[in-house]
Every structure is written in C-alpha cells, then in structure tokens.
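Trainee: here is a sequence with its predicted model. Questions after.
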Amino acid sequence: GSSLLQLPPTTVRLIGSGQVITSVYSVVKELTENSFDAGCTSIDIKLAMV
C-alpha cells in the first residue's frame, strides 16, 4: 500500500509560491489528473462556493 507523508514547512512554502489558482475548473482538473497519476481508482472532490 501507499501512504501520505507531511511535507516540511520549507517545501510547502516553495510549492505554494509557484502555484496560481486561476479557476475552479483548473483546481478540479489538477486534482483529478494528480489523483489518477498517483494510481487512484476513485476520487471525491467537494467544493463550497462562497
């Protein structure tokens, strides 16, 4: 099986500084593509639009 590990704060800041959210569509698209690339067979994405 696979497991998730928490990234160090420095890595989180580096990754976050390079990401720009342009639309809800792009977020869902990236989550979906990354999930399938990681071998997921199903995903559950819930959005709360405010």
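Mentor: In hand now; what should we look at?
Trainee: assign the one residue sitting closest to the centre of the chain to helix, strand or coil.
Mentor: Closest residue to the average C-alpha location of the chain: Leu31 at 4.7 Å, with C-alpha atoms, centre = their mean. Taking DSSP: H, G, I helix; E, B strand; the rest coil as the rule, one finds Leu31 in the helix state.
Trainee: so who does the closest residue to it other than its chain neighbours touch?
Mentor: In space, and not counting its chain neighbours, Leu31 is closest to Ile45: 5.8 Å by C-beta to C-beta, 6 or more residues apart in numbering. No exception for glycine: its C-beta is placed from N, CA and C like everyone else's. In this structure, Ile45 makes contact with 28, 31-32, judged by C-beta atoms under 8 Å, 6 or more residues apart in numbering.
Trainee: do Ser35 as well
Mentor: Counting by C-beta under 8 Å, 6+ apart, Ser35 has contacts Ile43.
Trainee: please repeat the previous calculation with a cut-off of 10 Å.
Mentor: With contacts defined as C-beta atoms under 10 Å, 6 or more residues apart in numbering, the neighbours of Ser35 are 41-45.
Trainee: can I get the helix or strand containing Ser26 in CSV, CA atoms only?
Mentor: Following DSSP states H and E, one finds Ser26 within helix 24-37. Coordinates of each C-alpha in helix 24-37 appear next as CSV, following Å, rounded to 0.1, in the frame of the first residue of the first chain:
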residue,chain,number,x,y,z
VAL,A,24,-12.4,26.2,-10.1
TYR,A,25,-12.1,24.2,-13.2
SER,A,26,-8.3,24.3,-13.1
VAL,A,27,-8.3,23.1,-9.5
VAL,A,28,-10.6,20.2,-10.2
LYS,A,29,-8.6,19.3,-13.3
GLU,A,30,-5.3,19.3,-11.5
LEU,A,31,-6.7,17.3,-8.5
THR,A,32,-8.2,14.7,-10.9
GLU,A,33,-5.0,14.4,-13.0
ASN,A,34,-2.8,14.1,-10.0
SER,A,35,-5.1,11.5,-8.4
PHE,A,36,-5.1,9.3,-11.4
ASP,A,37,-1.3,9.7,-11.9
